[in-house]
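Participant: sequence and predicted structure are below.
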Amino acid sequence: MAPLSIPLDRFEILALYEFAISVRFMNSSLSNLTAAQLRRAADIRERIEVLENELNSLFGGSQPSQPVQSTKGTKRVMSASARAKIAAAAKARWARIRGEKAPAPANGSPKPKRTISAAGRARIAAAARARWAKIKGAKGK
């Protein structure tokens, strides 16, 4: 394919490039695009390839440029010493947190279960009845 001479200003080139990048990396699939959008994307893609070929010919590059590859799927590798440092810091954090708590009983027996007296339960029930009577009285007005 012979390079075409398409008159474009730099803002149009930037707009075309940004559109191509957004089409290339957008999250929606191509099946969600209309036919007109797909045609426009293909036209823009072709124009970009033509412009890239022209740039390569101007600067002496013989091979067409490779598409930009996403680094989204690459796995990050951490060294063993870095993992050891992180683990040591986590252990120190947890030791500091546990050290600030009250010490457990020496004999290891749990605290006895707390119960409420009959008088305390009666006070709570009376307060609840008074609250509901007040609410029902306000609705009746």
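Facilitator: Received, thanks.
Participant: burial measure for E18, as a count.
Facilitator: Neighbours of E18 under the rule other CB atoms under 10 Å: 10. Using the backbone N, CA and C atoms, a C-beta is placed for each residue, glycine as well.
Participant: who's in contact with it?
Facilitator: When the contact criterion is CB atoms under 8 Å, 6 or more residues apart in numbering, E18 has no partners at all.
Participant: which element is it on?
Facilitator: Assessed by DSSP states H and E, E18 sits inside helix 10-25.
Participant: pLDDT of that helix, averaged?
Facilitator: When pLDDT is averaged over helix 10-25, the result is 68.
Participant: cool, and stretch 88-105?
Facilitator: Averaging pLDDT along stretch 88-105 yields 80.
Participant: one step back: now the element after the helix holding E18, going C-ward?
Facilitator: Next element after helix 10-25 (DSSP H and E): helix 35-58.
Participant: could you pull out the buried residues of that next one?
Facilitator: 41, 44, 47-48, 50-51, 53 (16 or more other CB atoms under 10 Å).
Participant: helices or strands up against that helix?
Facilitator: Helix 35-58 sits against helix 10-25, with contacts defined as 3 or more CB pairs under 8 Å, 6 or more residues apart in numbering; DSSP states H and E.
Participant: where does pLDDT dip in the protein?
Facilitator: The model of the chain has pLDDT under 70 over residues 1-11, 20-31, 61-72, 100-108, 141.
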